[in-house]
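Enquirer: got a sequence here, can you model it:
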Amino acid sequence: MENENTIFITILGDSRRYKNTNYTFDIKSAEKFTVNHWYASFALLKYLKENSKASINQIIILYPDTEVGRQSFEGGWKKDDVKNSHEDKASVREILSNIAPDGCSVIGISFPNINSTEEIWDFLTSCLTFLNNVEDSKIIVDITHGFRIYQNLLFSFLYYFENISTNDLEKVYYALFQGEGEESPFLELDLLIMLQQEISQIKLLIQNLDVGAFEALKSRVTALRSYILTLQKVLLLLNNGIVSDKLIPKLDYLMDKDKFDVIPSNIFSNYDLFLKESFVKGIRPEVLAIKEEIFGKDGKCSKIWERQLNLAHLLLSRKKDISTSLQLIRESFISWICEEIYDYDSLDRSKREEASKIFKDLRKNQRKNKFEINKSMLFRIIDRLAHARNSFAHVFSTSDQIQLIEKKSRDIVNYIEEIQKDIISLKKLINSEDEKGYLKKIIDKLEVNTDKK
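Expert: Numbering: from 1, shown residues only. The predicted structure is shown next:
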């Protein structure tokens, strides 16, 4: 983009203490680039000027609002003020202005000196006050100089800033000082910020069962592509209420670290490999928890109706898609009719349609209170959940339903907890021999009446 804005940010402490060294870029390359200077950002700007297409529009120098900070930024030092120096030391503002591209402004932003925990937030607010006015820009940061506390705070702030702004944190640099006259390599730290984002996304993905959260990661980290693709498929199946046996090998695959150890390490970057190891290790317990919640420990939940209720409970516990959860409860009862009343395969479409018709007939008779269906606690719960499902499914249909949702939304967590309690009760009742026998008798009466017609 022709008008793309690039901002360079650096930090400053006491420039009297900075010593000349050979700042080196691409140190392991045959074409390494070296600049001898005492201020790292001077070397970095020179490197970017000759080796990068980025056109820097603004240079920002952060400095402490102290006498030393102000003198380092805009006053400079006489040789007598600098230990073992034979010449004056120019201000950082002057040095960077001399290396800045044509038309690039160089400004200083002072921040309060930190002597207490509360003043940490004064420093971060100073950063935020200015950067809140920056939009749609590329940001390059050098955190080499400045007192250690400010380096650490600025690095933490950049993670926050990257996540809440419309700007693109392109690079974060740090020079590793090796001594006067030595090669002091520049390191790129932006991947560390990216790593924090990836870890946050891992938690978001699992906690919210979010299929799309890792789309960018899948294309960026080659070592995780097949893994994330499988993970997305699993979550897509779960979000659509699929709980068949075909899901189990996919969940097992996601927990099998050995499958990823055989990937040749020489075809990936160290970052890819580290993320692969930490990702799989971190995600395995979450995947195991999902598997055990749906299929039971040691896969003891073999009935589809029970798995559907378990999944409904899981989705609600993650505050995920109430409508799907309520629909799953209805489907679980249809599965129960297939599996417990007729010994059908509940995944057989024709058998499921037959059971669905029976369920609809039961609901019709319940509304008329025929066969004393409403004596069944099971059907009282189903009736309550059906009203809830319809309210969510047709939320925009009538003003009454909108008011219901608004009312429920004020205390949505408690509402979800109520439904979860109903699911637990439903699991107990649906497995109760008394309830099962009672409903079998009602279904038999329905079938007799149907045959008479």
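Enquirer: low pLDDT regions in the chain?
Expert: For the chain, applying pLDDT under 70 flags the ranges 1-3, 130-132, 159-160, 162-163, 196-223, 257-269, 319-321, 369-379, 384-416, 447-453.
Enquirer: longest helix in it, by number of residues?
Expert: Identified as the longest helix of the chain according to DSSP state H is helix 270-295.
Enquirer: I'd like the next helix or strand past that one.
Expert: helix 304-317 (DSSP states H and E).
Enquirer: which residues are contacting that next one?
Expert: Residues outside helix 304-317 that contact it (CB atoms under 8 Å, 6 or more residues apart in numbering) are 209, 238-239, 241, 243-244, 290, 293-296, 301, 321-322, 324-326, 328-329, 331-333, 335-336, 338-340, 346-347, 416, 419-420, 423-424, 426-427, 430-431. Yep, even glycine has a C-beta here, placed from its N, CA and C like the rest.
Enquirer: buried residues in it?
Expert: Buried residues in helix 304-317, counted by 16 or more other CB atoms under 10 Å: 304-316.
Enquirer: what angle separates that helix from helix 270-295?
Expert: Between helix 304-317 and helix 270-295, the angle comes out at 130 degrees (axes from the mean of the first three to the mean of the last three CA atoms, to 10 degrees).
Enquirer: now do the helix or strand encompassing residue 59: which elements does it pack against?
Expert: Using DSSP H and E, residue 59 maps to strand 58-64. In terms of contacts (3 or more CB pairs under 8 Å, 6 or more residues apart in numbering; DSSP states H and E), strand 58-64 is packed against strand 5-11, helix 92-99, strand 105-111, helix 117-131, helix 148-164.
Enquirer: how about the second one: buried residues?
Expert: Of the residues in helix 92-99, those buried under the neighbour-count criterion (16+ other CB under 10 Å) are 92, 93, 95, 96, 99.
Enquirer: how close does the nearest residue to the last one once chain neighbours are set aside sit to residue 158?
Expert: Nearest in space to residue 99, with sequence neighbours left out and distances taken as CB to CB, 6 or more residues apart in numbering, is residue 45 at 4.8 Å. Counting by CB to CB, to the nearest Å, the gap between residue 45 and residue 158 amounts to 19 Å.
Enquirer: just residue 88 next, same as before
Expert: Residue 88 is 33 Å from residue 158, where distance means CB to CB.
Enquirer: same deal with residue 336?
Expert: From residue 336 over to residue 158 (counting by CB to CB), the distance is 54 Å.
Enquirer: ok, now residue 297?
Expert: 43 Å.
Enquirer: and if you look at residue 333?
Expert: In terms of CB to CB, residue 333 sits 52 Å off from residue 158.
Enquirer: next, residue 173: phi, psi?
Expert: With angles defined as degrees, to the nearest 10, residue 173 sits at phi -110, psi 150.
Enquirer: which residues does it contact?
Expert: 40, 44, 140, 141, 142, 143, 144, 186, 187, 188, 189.
Enquirer: pretty sure residue 419 is in a strand, no?
Expert: No: with DSSP: H, G, I helix; E, B strand; the rest coil as the criterion, residue 419 is located in helix rather than a strand.
Enquirer: which residue comes closest to it once chain neighbours are left out?
Expert: Residue 419 sits nearest to residue 316 (CB to CB, 6+ apart), 5.9 Å away.
Enquirer: can I assume residue 169 is in contact with residue 158?
Expert: Yes: Residue 169 is within contact range of residue 158, at 6.1 Å (criterion: CB atoms under 8 Å).
Enquirer: what touches both of these two?
Expert: 141, 193.
Enquirer: those two: which has the busier surroundings?
Expert: residue 158 (22 against 18; other CB atoms under 10 Å).
Enquirer: doesn't residue 189 make contact with the more buried one?
Expert: No: in terms of CB under 8 Å, residue 158 does not count as a neighbour of residue 189; the distance is 9.1 Å.
Enquirer: which residues do the two both contact?
Expert: Contacts common to residue 158 and residue 189, judged by CB under 8 Å, 6+ apart, are residue 172.
Enquirer: please parse this protein into its domains.
Expert: With domains defined by automatic domain parsing, the chain comprises 5-188, 196-299, 323-452.
Enquirer: so residue 48 is in which element?
Expert: helix 40-51.
Enquirer: that helix - contacts with which helices or strands?
Expert: Going by 3+ CB pairs under 8 Å, 6+ apart, helix 40-51 lies up against strand 5-11, strand 21-25, strand 33-37, helix 92-99, strand 137-142, strand 168-175, strand 183-188.
Enquirer: of these, which approaches residue 365 most closely?
Expert: Distance to residue 365, taken as CB to CB, is lowest for strand 168-175 among those, at 62.2 Å.
Enquirer: chain center to that closest one, what's the gap?
Expert: 22 Å (CA atoms, centre = their mean, to the nearest Å).
Enquirer: that one pairs with which strands?
Expert: Within its sheet, and counting by DSSP bridges, strand 168-175 is paired with strand 137-142 (parallel), strand 183-188 (antiparallel).
Enquirer: now it: buried residues?
Expert: 169, 171, 172, 173, 174, 175.
Enquirer: could you give the angle of it to strand 5-11?
Expert: Going by the same axes, to 10 degrees, strand 168-175 makes 30 degrees with strand 5-11.
Enquirer: tabulate the CA atom coordinates of strand 168-175 in PDB.
Expert: What follows is strand 168-175 as a C-alpha-only set of coordinates in PDB (Å, rounded to 0.1, in the frame of the first residue of the first chain):
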ATOM      1  CA  ASP A 168       0.200  -4.300  12.900                       C
ATOM      2  CA  LEU A 169       3.100  -5.100  15.200                       C
ATOM      3  CA  GLU A 170       5.600  -5.900  12.500                       C
ATOM      4  CA  LYS A 171       8.800  -6.300  14.400                       C
ATOM      5  CA  VAL A 172      10.200  -6.200  17.900                       C
ATOM      6  CA  TYR A 173      14.000  -5.900  18.200                       C
ATOM      7  CA  TYR A 174      16.500  -6.400  21.000                       C
ATOM      8  CA  ALA A 175      20.300  -6.100  20.700                       C
END
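Enquirer: now the angle between helix 148-164 and that strand, please.
Expert: Relative orientation of strand 168-175 versus helix 148-164 (the same axes, to 10 degrees): 160 degrees.
Enquirer: and the angle from strand 168-175 to helix 40-51?
Expert: Using the same axes, to 10 degrees: strand 168-175 against helix 40-51 is 120 degrees.
Enquirer: residue 432: how many residues sit nearby?
Expert: Counted with other CB under 10 Å, residue 432 comes out at 14.
Enquirer: adjust the sequence numbering to begin at 29 for everything that follows.
Expert: OK, 29 is where the count begins now, so the last one is residue 460.
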